[in-house]
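**Q** this is the structure alone, sequence omitted:
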């Protein structure tokens, strides 16, 4: 069994953003030399997500609006977590969008459907944060 | 390490449905000959889910109603994604229900609790779509 | 390839609770002797979750309140699943928080960000329930 590990680093200038990291994960897979196995891609921070969906700006706008409706940022005082913090909503948004994805590796490639793309979802940006790519297989 | 791959295909006649695919995944596992490892089962489309819950029709009705409340299909004009599309809500419902499940394989069987069953959740049906089953182990 | 399996058992006296199980999973990993691989930690019951977030009591209070707003327990008659049951809401809360987490193992340790902790989320307690820890690797 082979294994591979890499951290991807981000510093998003806004509070929230969705970043397509499919190319970065593909590069990790190429570096690993693994042809059959599983890739784990996970946020290493509890106010961010890794998820798979469409790379379409209208949809991302809809997600932003929808998540804000389900878990509003303001008033920050509505959350008990927000004592010296203002990111309780980010912990909730991240649960809906998910911490991680596991993707099959087949023939040395991400085994994806036509529109599947991997995203880093930031819900409390403006500081350095990272994503882990771990690959196991042969 | 052994690996196994299969696609399961669906054409759901309605917009939304939940289909129990536990038997299909068990058959994949038997075909793979793998006795210890992990099974990944994931939707290959971004408007569908794979999730684990109860095979109970009342609950499925409740899920349908609940998901429609959290991410309504109509009015379709409320979503910026719906330019020539009407499935923005399906992308949201799929995030709540999840893209994938990872299940342990022990002694050649799905290592499940009493009521655990694997479902394909369709939120934008009436066309051909597929699920990936990838198994790694020994 | 090595593999390891253990069940963690819980009997939560209240309907709902969040329990930090990071130490239990670390002990499983030490027992497994696996240094590179993946850990799967999943609820074996469909009204409970395993998720990763912050060990902060204010946040847990916020999660409780938020989940109750998105999927209220009462009136129990609003759910078709609640025929002889009163836990339909627990099946929904568990979908939002997730069934499972997959965590990388690097150098014999859980490969975690600073604040990442693994939780068992109970949404229908007062009976014996369990979590599966499955580890594969080398």
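**A** Happy to help now that I have it. As the structure is a prediction and not an experimental result, all values here were calculated from the model.
**Q** chain center to stretch A:73-88: distance?
**A** In terms of CA atoms, centre = their mean, to the nearest Å, the centre of stretch A:73-88 is found 22 Å from the chain centre.
**Q** please apply the same query to stretch A:114-124.
**A** With CA atoms, centre = their mean as the basis, stretch A:114-124 stands 5 Å off its chain's centre.
**Q** nearest the middle, which residue of chain A would you pick?
**A** Among the residues of chain A, the one closest to the centroid is residue A:50, at 1.9 Å (CA atoms, centre = their mean).
**Q** wait, what's in contact with it?
**A** A:21, A:41-43, A:98-101, A:118-121, A:131 (CB atoms under 8 Å, 6 or more residues apart in numbering or on different chains). Yep, even glycine has a C-beta here, placed from its N, CA and C like the rest.
**Q** closest one of those to residue C:93?
**A** Closest approach to residue C:93 among the contacts of residue A:50 (CB to CB): residue A:98, at 15.4 Å.
**Q** which bits of chain A sit near chain C?
**A** Neighbours of chain C within chain A, by CB under 8 Å from any CB of the partner chain: A:1, A:3, A:5, A:38, A:40, A:42-46, A:70-71, A:79-83, A:88, A:91-92, A:94-96, A:98-100, A:102, A:130, A:132, A:134, A:136.
**Q** list buried residues within those.
**A** A:1, A:3, A:5, A:38, A:40, A:42-46, A:70-71, A:79-82, A:88, A:91-92, A:94-96, A:98-100, A:102, A:132, A:134, A:136 (16 or more other CB atoms under 10 Å in any protein chain shown).
**Q** go back to those residues and keep what's next to chain B.
**A** Among those, proximity to chain B is found for A:1, A:38, A:70, A:96, A:98, A:102, A:136 (CB under 8 Å from any CB).
**Q** take these and keep only those in strands.
**A** Members of these lying in strands (criterion: DSSP state E): A:38, A:102, A:136.
**Q** quick one, helices of chain A?
**A** Secondary structure of chain A by DSSP state H: the helices cover A:22-32, A:57-70, A:88-97.
**Q** which bits of chain A sit near chain B?
**A** Residues of chain A lying close to chain B (CB under 8 Å from any CB) are A:1, A:36-38, A:51-54, A:56, A:58-59, A:61-63, A:66, A:70, A:96-98, A:101-104, A:106, A:111-116, A:136-138.
**Q** just the buried ones from the residues you listed?
**A** Of these, these count as buried by 16+ other CB under 10 Å: A:1, A:36-38, A:51-54, A:56, A:59, A:62-63, A:66, A:70, A:96-98, A:101-104, A:106, A:111-113, A:116, A:136-137.
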